[in-house]
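A.B. asks: 3D model of this:
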Amino acid sequence: MNELYITLSWGPFADFPNLSKYTSALEKYNARPLSSPRDVGTHLLPEFLPTQYHEKKPKTIYLQRNPKDVAVSWYFMHFASRVYGKPTSWDYFVEELLKGNVEYGSPIEHVKQWSKYKQQPGFLWLKYEDMLKNPKNIYYKIAHFLEIQMTEEEMEVVMRFCDFKYMQEFFKNDPVAQDFMEKDGNHVRKGKSGDWKNYFTVAQNEAFDKMYHEEMKGYEDFKYEF
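C.D. replies: Numbering: from 1, shown residues only. As a prediction, this is how the structure comes out:
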């Protein structure tokens, strides 16, 4: 997985660093106890997952987010992280994003590829915006999906640990995250919906909409209306 991570995290921006300098974080991650059941988070496309994933078909939760908010979040993540190159400007980043020329590829293609798995047993598709509106309802849905009985007291603990402010403070001190982050980098920045309106110009918005509507033909069930 170390080699896979480094291979896929290629950098389209000029000052992309040598990721081998940051393998200590991956070593810490891989040193975690492999108790079962366990969870693994990934940004990868299904085709890049280990063959055992497709053979054993573990329960999978996919979280979709407004692609324009993804773009803004991804842009700022480059400046918060030590392991990604820094885009020269927001304009340049959007230009590259429209071509799918960013780390991990197009976020739109990501949704399209994973959408093929939605109807499989053991697959739960969620939207980030729904979590913001009613987090407790979504957390209960996840618990039911994972066949976990949750008491009200246990849910209150989950609500507290998943609170934005708590997570923001957690990542400021988490040793694995800090190996990847700049000294003052915010791994958890705003946690809001609609922040894209503060960054997209009219021209960029029109160009994105044109590309998005073209790319999402045939995938209307997964399409956002902006």
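
A.B. asks: so which residue is dead centre in the protein?
C.D. replies: residue 43 (5.8 Å; CA atoms, centre = their mean).

A.B. asks: gap between the two ends of stretch 179-197?
C.D. replies: Between the opening and closing residues of stretch 179-197 lies a distance of 31 Å (CA to CA, to the nearest Å).

A.B. asks: which pLDDT value belongs to the residue nearest to the centre of the chain?
C.D. replies: In this model, residue 43 is scored at 84, pLDDT.

A.B. asks: just checking, it touches residue 104?
C.D. replies: Yes. Between residue 43 and residue 104 there is a contact under CB atoms under 8 Å: 5.2 Å. (Each C-beta comes from the backbone N, C-alpha and C, glycine too.)

A.B. asks: shared neighbours, those two?
C.D. replies: Taking CB atoms under 8 Å, 6 or more residues apart in numbering as the contact rule, the neighbours common to residue 43 and residue 104 are residue 110.

A.B. asks: and the residue lying closest to residue 128 once chain neighbours are set aside, how far is that from residue 225?
C.D. replies: Distances taken as CB to CB, 6 or more residues apart in numbering place residue 65 nearest to residue 128, at 3.9 Å, with adjacent residues excluded. Per CB to CB, to the nearest Å, residue 65 is found 14 Å from residue 225.

A.B. asks: more crowded one of those two?
C.D. replies: Counting neighbours by other CB atoms under 10 Å for residue 65 and for residue 225 shows that residue 65 has the greater number, 17 against 4.

A.B. asks: contacting residues around that one?
C.D. replies: Residue 65 touches 127-129, counting by CB under 8 Å, 6+ apart.

A.B. asks: using CSV, write down the CA coordinates of the helix or strand residue 214 falls within.
C.D. replies: Using DSSP states H and E, residue 214 sits in helix 202-215. Extracted C-alpha coordinates of helix 202-215, given in CSV (Å, rounded to 0.1, in the frame of the first residue of the first chain):
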residue,chain,number,x,y,z
VAL,A,202,-18.8,33.4,-13.2
ALA,A,203,-16.7,32.2,-16.0
GLN,A,204,-15.3,29.3,-14.0
ASN,A,205,-18.7,28.3,-12.8
GLU,A,206,-20.1,28.3,-16.3
ALA,A,207,-17.2,26.2,-17.6
PHE,A,208,-17.6,23.7,-14.7
ASP,A,209,-21.3,23.4,-15.2
LYS,A,210,-20.8,22.7,-19.0
MET,A,211,-18.3,20.0,-18.3
TYR,A,212,-20.3,18.6,-15.4
HIS,A,213,-23.5,18.2,-17.3
GLU,A,214,-21.7,16.6,-20.2
GLU,A,215,-19.8,14.2,-17.9
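
A.B. asks: quick one: buried residues of it?
C.D. replies: The neighbour-count check on helix 202-215 (16 or more other CB atoms under 10 Å) flags 204-205, 208, 211-212, 215 as buried.

A.B. asks: many thanks, we can stop here.
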